[in-house]
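Peer 1: Give me coordinates for this.
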Amino acid sequence: MRLTPFRHFFLIFSILVSLFNCGGQIQEKPIVGCERITGTPGPEDFDIIRESSSVIVSSHERRNGLKDIGALFEISFSDPKQKLLAKKVETNYPENFRPHGISYAKVKGVDTLAVISHTLQEDIPHTIEIFERSKAGKWTHTKTLSDPSLTSPNDLFMNESGEIFTSNDNGTSQTFRKYWDMIIRSGRADVSYYDGKTFQSLGVPVMLGNGIYIRKQGKQELLYRSVFSEKVIRVYEVNRVDGKMNLKYLESIPIGAGPDNILEDDNGMLWLAAHDSPYKFIRHVMNRNNLAPTRVFKINPATKEVTEIYANEGSEISAGSTGLVYKDKLLISQVFEDFLLVCPKP
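Peer 2: As a prediction, this is how the structure comes out:
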């Protein structure tokens, strides 16, 4: 028997309640003067294109049994006097486009987006869709990537050479196996690596992987990965030896909440949003009137100092998934509702 979306949610809700604390009240840290940028259903992730002073948003309405098709939106920050608006990117979207994690890079001189898409097709349930922007500013879908190592992709990071690192949140696309893995606390969610030609799994499985980001620190190339179940950011050293890729685990940075997407600001600080209560998050999945906390943190990669910048019980924004300071604003996205929150830079 095929479960309805509600029954899926109810089952996973029951499992999560048995695994995690339900969560109490958080101590709110408000920022005065926040406003909404509306018109983006489920703006779960975004990335910055600094050269054009713009933000590309991954948008998908997730409450209709995932039936709806998603899109990309662009927000221009080029004119500080202009009201911030989200404009839909008009392009040749691939079929069954349900975007999730997104990453931008100038690959070999070309503005390029890599976007996770959940197709809901049995043969290829998950893909990475590649978009390129012409010199005239037009985005075009150019390629679809797929591989069995994309077991349940959540977020990804693409660099200027076209390599893509994808963080899976589960080790399978099979619904009941996902639930079973959570019940027995089995960590099977690996990182998938694409070298521009082929995919491979990197052998660093966790339980409920999430955001992923890579940055250089001196001579080291470091990979930061959100591990929701552990409430930490795991840090790995990226090693390329004899044409082979591997990750060396270095340490974990405690967050104190379930971390989501990770981005870097202009000063080299890492930013992330986090979910304080899985219980409240799942209740928010089931009904938008049930609020879920949003917390935004800043991490100093040099000192590992973690600072909470913003916290709200959910009345201003629920289930925040990405947070980043850009120019004079703090931009916060979320998983389900149809707006982003933009606040004065704290």
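Peer 1: The residue nearest to the spatial centre of the chain is in what secondary structure piece?
Peer 2: Centroid-nearest residue in the chain, with CA atoms, centre = their mean: residue 261, separated by 4.0 Å. Here residue 261, judged by DSSP states H and E, is contained in strand 258-264.
Peer 1: same question, residue 284
Peer 2: Residue-wise, residue 284 maps onto helix 278-286 under DSSP H and E.
Peer 1: And for residue 156?
Peer 2: strand 153-158.
Peer 1: The helix or strand following that strand: partners in the sheet, and parallel or antiparallel?
Peer 2: Note on strand 153-158: by DSSP H and E, the next helix or strand toward the C-terminus is strand 164-168. Strand 164-168 sits in its sheet next to strand 153-158 (antiparallel), strand 191-194 (antiparallel), going by DSSP bridges.
Peer 1: Taking strand 258-264 as reference, get the angle to the longest one.
Peer 2: Counting by axes from the mean of the first three to the mean of the last three CA atoms, to 10 degrees, strand 153-158 points 20 degrees away from the direction of strand 258-264.
Peer 1: So which residues make contact with strand 153-158?
Peer 2: Strand 153-158 is contacted by residues 45, 100-105, 107, 112, 114, 116, 126, 128, 164-169, 192, 209-214, 223, 226, 261-262 when judged by CB atoms under 8 Å, 6 or more residues apart in numbering. C-beta here means a position set from N, CA and C on the backbone, and glycine is covered the same way.
Peer 1: one step back: going toward the C-terminus from the strand holding residue 261, what's the next helix or strand?
Peer 2: strand 270-275.
Peer 1: so what secondary structure elements neighbour that next one?
Peer 2: strand 209-217, strand 258-264, strand 294-299, strand 320-326 (3 or more CB pairs under 8 Å, 6 or more residues apart in numbering; DSSP states H and E).
Peer 1: so is residue 56 in a helix, a strand, or just coil?
Peer 2: Put simply, residue 56 is strand when judged by DSSP: H, G, I helix; E, B strand; the rest coil.
Peer 1: which stretches of the stretch 101-250 of the chain have low pLDDT?
Peer 2: 171-187 (pLDDT under 70).
Peer 1: please redo it, this time with the cut-off set to 90
Peer 2: 122, 170-188, 217-219, 240-244 (pLDDT under 90).
Peer 1: on that earlier part again, could you give the angle of the helix holding residue 284 to strand 258-264?
Peer 2: 80 degrees.
Peer 1: Put the alpha carbons of helix 278-286 into PDB.
Peer 2: Written as PDB, here are the backbone C-alpha positions of helix 278-286 (Å, rounded to 0.1, in the frame of the first residue of the first chain):
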ATOM      1  CA  PRO A 278      12.700  18.400  15.200                       C
ATOM      2  CA  TYR A 279       9.400  17.900  17.000                       C
ATOM      3  CA  LYS A 280       8.200  21.400  16.200                       C
ATOM      4  CA  PHE A 281       9.700  21.200  12.700                       C
ATOM      5  CA  ILE A 282       7.600  18.200  11.800                       C
ATOM      6  CA  ARG A 283       4.500  19.700  13.300                       C
ATOM      7  CA  HIS A 284       5.200  22.700  11.000                       C
ATOM      8  CA  VAL A 285       5.500  20.300   8.100                       C
ATOM      9  CA  MET A 286       2.000  19.000   8.800                       C
END
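Peer 1: So residue 315 sits against residue 291, correct?
Peer 2: Yes - the pair residue 315 / residue 291 is scored as a contact, 6.1 Å apart, by CB atoms under 8 Å.
Peer 1: what about these two, which has more around it?
Peer 2: residue 291 (18 against 10; other CB atoms under 10 Å).
Peer 1: all helices for the stretch 51-200 of the chain, in order.
Peer 2: 175-183 (DSSP state H, counting those that start in this stretch).
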